[in-house]
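[1] Have a look; sequence and predicted model below, questions after that.
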Amino acid sequence: MILADLPDLDVRSVKTTLGRYESAQGVLPLPTAPENWQRATLEGASNLILLEDDAPYWGGMVTEPTLSEGDTVPLNLATLEAYFDKRYVGHELFAQVGQNVIVKTLVEKYAVAGPLGGVPFRVQFTTPGNGKLRDLECKDASDKTLYSILTDLMGLDGGPEWTVGWERQHNPERITPVLFVGDRIGVAPPQGLGPAATFEMPGCVSSFVMVRSFANGRGANSVVATSTASGDVRLQSPAQLAADPIRPTFEHRWTPSTSIKIVDTLIDHALAALRILEKGSSAVALSADAGTAPTGWGIGDDLGFVIGVSGVVPAVPGGVSGTARCIGWERTFGGTPTITPTLFETTIASL
């Protein structure tokens, strides 16, 4: 249920990212706070929802209010994905079960339900079907949180993507969380068409940075995923290789999870990492005026950018354009509000 309105709550920025929780800070001025402000900001028992055009835009659970002799209350907030890190998964065995069904089952059993109740997530698939068939074994003795298991699943090659959103309901009036899960969150443009939203400089873009790298952890053409050793034997994937006629061998090894006991699962992790690392990183960061930035896009969508068409950016005198996937965003308030999409899987095309 809706406990109170907090129109004077001062929040300078909010952020959201696929498959991860994010934090935010706010300050509540007490002289104008409603009478029940203590209940409305009770740690672990309240979520503060940012509305835009009367629709839920962002939500955060109150994790830590700070009370003092002053007349303001600083609040630490975390997006509701953080709740998954407070719940532990018991013994579960899935054999050739659709990955989206696995996520739905785990969330409904270990987040929606609980000995003292849970959080009423509604689970919605974003793609048709139940997803790629997976094998998964969870053991209570492993002390794995729901958050760590969902993170491991998303890290597999073609693994399920997930994020938390909010929806407004009536009779009674309330705002409740939705876990979106699917083979993909968001949309790519149809073949031959450009993305639905493009950020431009000159235009709405106020700052732009592009970093290309093949440094350690940023580029590799040979990837091995490992698990924990048992005695002198360590389970690991065969090296997954990318065809690269230009560079010598660059190797990368890492342990995606200590509880993996199936080589095929390690291979999926290695393939997922290879696809990220094989071309190195071309990271593009841009911020735009929230008032003039394109609308109609969301987390997971492909976005376009066109920078320096008129030669206004000395580092790219011919200009640069491309597409990238938006895996998150940050919105700032006060002064000139900005929107900063978190861009990934960037494809660069010089103008």
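    Yep, that arrived.
[2] Can you point out the buried residues in the top helix by length along the chain?
    Counting residues, the longest helix found in the chain (DSSP state H) is helix 263-277. For helix 263-277, the neighbour count (16 or more other C-beta atoms under 10 Å) marks 265-274, 276-277 as buried. (Each C-beta comes from the backbone N, C-alpha and C, glycine too.)
[3] contacting residues around that helix?
    With contacts defined as C-beta atoms under 8 Å, 6 or more residues apart in numbering, helix 263-277 is touched by 135, 155-159, 218-221, 223-227, 235-242, 252, 254, 256-257, 260.
[4] Could you give the secondary structure assignment for P128?
    P128 falls in the coil class when you classify it by DSSP: H, G, I helix; E, B strand; the rest coil.
[5] Contacts only, for S237.
    So S237 contacts 224-226, 263, 266-267, 269-270 (C-beta under 8 Å, 6+ apart).
[6] pLDDT weak spots in the stretch 101-250 of the chain?
    Scanning the stretch 101-250 of the chain with the threshold set as pLDDT under 70 gives 229-231.
[7] counting contacts, what elements does the very next helix or strand once past the longest helix of the chain pack onto?
    Remark: after helix 263-277, the chain's next helix or strand is strand 281-289, criterion DSSP states H and E. Here strand 281-289 touches strand 198-201, strand 205-213, strand 302-307, strand 338-350, going by 3 or more C-beta pairs under 8 Å, 6 or more residues apart in numbering; DSSP states H and E.
[8] In CSV, list these along with distance to T292 and mean neighbour count.
    Shown next, in CSV, are these (distance: least, C-beta to C-beta, whole Å; neighbours: other C-beta atoms under 10 Å):
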stretch, distance to T292, mean neighbour count
strand 198-201, 10, 20
strand 205-213, 10, 15
strand 302-307, 15, 22
strand 338-350, 10, 17
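[9] So which of the ones you listed is nearest P29?
    Within those, the stretch nearest P29 is strand 338-350; the backing value is 24.0 Å (C-beta to C-beta).
[10] Quickly note the distance from P7 to A33.
    To A33, P7 is 10 Å away according to C-beta to C-beta, to the nearest Å.
[11] do F333 as well
    Separation of F333 from A33 (C-beta to C-beta): 19 Å.
[12] just to revisit the earlier point, and of the contacts of S237, the nearest to L3?
    For the contacts of S237, the minimum distance to L3 (C-beta to C-beta) is 42.5 Å, reached by H269.
[13] Please verify my assumption that G319 contacts I307.
    Yes - contact criterion C-beta atoms under 8 Å: G319 and I307 qualify, at 6.2 Å.
[14] What's opposite the residue nearest to E200 when sequence neighbours are not counted in the beta bridge?
    Excluding the flanking residues, the one nearest E200 by C-beta to C-beta, 6 or more residues apart in numbering is V306, at 4.7 Å. Beta-bridge partners for V306, by DSSP bridges, are E200, S321.
[15] tell me the contacts of V306?
    Contacts for V306 (C-beta under 8 Å, 6+ apart) come out as 198-201, 319, 321, 351.
[16] where along the protein do the helices fall?
    Along the chain, counting by DSSP H, helices occupy 37-40, 99-107, 146-154, 263-277.
[17] Mind checking the ones you listed for the one nearest to P314?
    Nearest to P314, of all the helices of the chain, is helix 263-277, at 30.1 Å by C-beta to C-beta.
[18] quick one, that closest one and helix 146-154 angle?
    Angle of helix 263-277 versus helix 146-154, following axes from the mean of the first three to the mean of the last three C-alpha atoms, to 10 degrees, is 80 degrees.
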